[in-house]
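Student: Structural data only, the sequence is not supplied:
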């Protein structure tokens, strides 16, 4: 298992990469028609919100004591998996 510092650095890097991909995807959605763009913008807002929740959970994880560390790691993994799934689905919808 990774050390606490290694794990939080890994998650931070993954969140940074996710946010970069969302930015790139958002740039692509700007080229779509107005009605589709509204739908995409709503989905982008959801993705950004998920990212904000993940950053908050990461901050909680960094401050966690040893007694709650493993529980928070499990929660962080679920949040990360949900973000990856949501992003993958949305990306598949953008043409």
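Tutor: Structure received. The structure presented is a predicted model; accordingly, all values stated were derived computationally and were not measured.

Student: The spatially closest residue to residue 1 that is not a sequence neighbour and residue 50: what is the separation?
Tutor: Nearest residue to residue 1, sequence neighbours excluded (C-beta to C-beta, 6 or more residues apart in numbering): residue 7, at 8.0 Å. Where C-beta positions appear, they are placed from N, C-alpha and C, glycine not excepted. Per C-beta to C-beta, to the nearest Å, residue 7 is found 20 Å from residue 50.

Student: ditto for residue 60
Tutor: 15 Å.

Student: Those two: which is more packed in?
Tutor: Neighbour count, other C-beta atoms under 10 Å: between residue 60 and residue 50, residue 50 has more, with 19 against 13.

Student: For the more buried one, which non-adjacent residue is closest in space?
Tutor: Residue nearest to residue 50 in three dimensions, not counting chain neighbours: residue 83, with 5.0 Å by C-beta to C-beta, 6+ apart.

Student: Name the helix or strand for that neighbour, please.
Tutor: Using DSSP states H and E, residue 83 maps to helix 66-93.

Student: before we move on, back to that, residues contacting the residue nearest to residue 1?
Tutor: Residue 7 is in contact with 1, 61, 73, counting by C-beta atoms under 8 Å, 6 or more residues apart in numbering.
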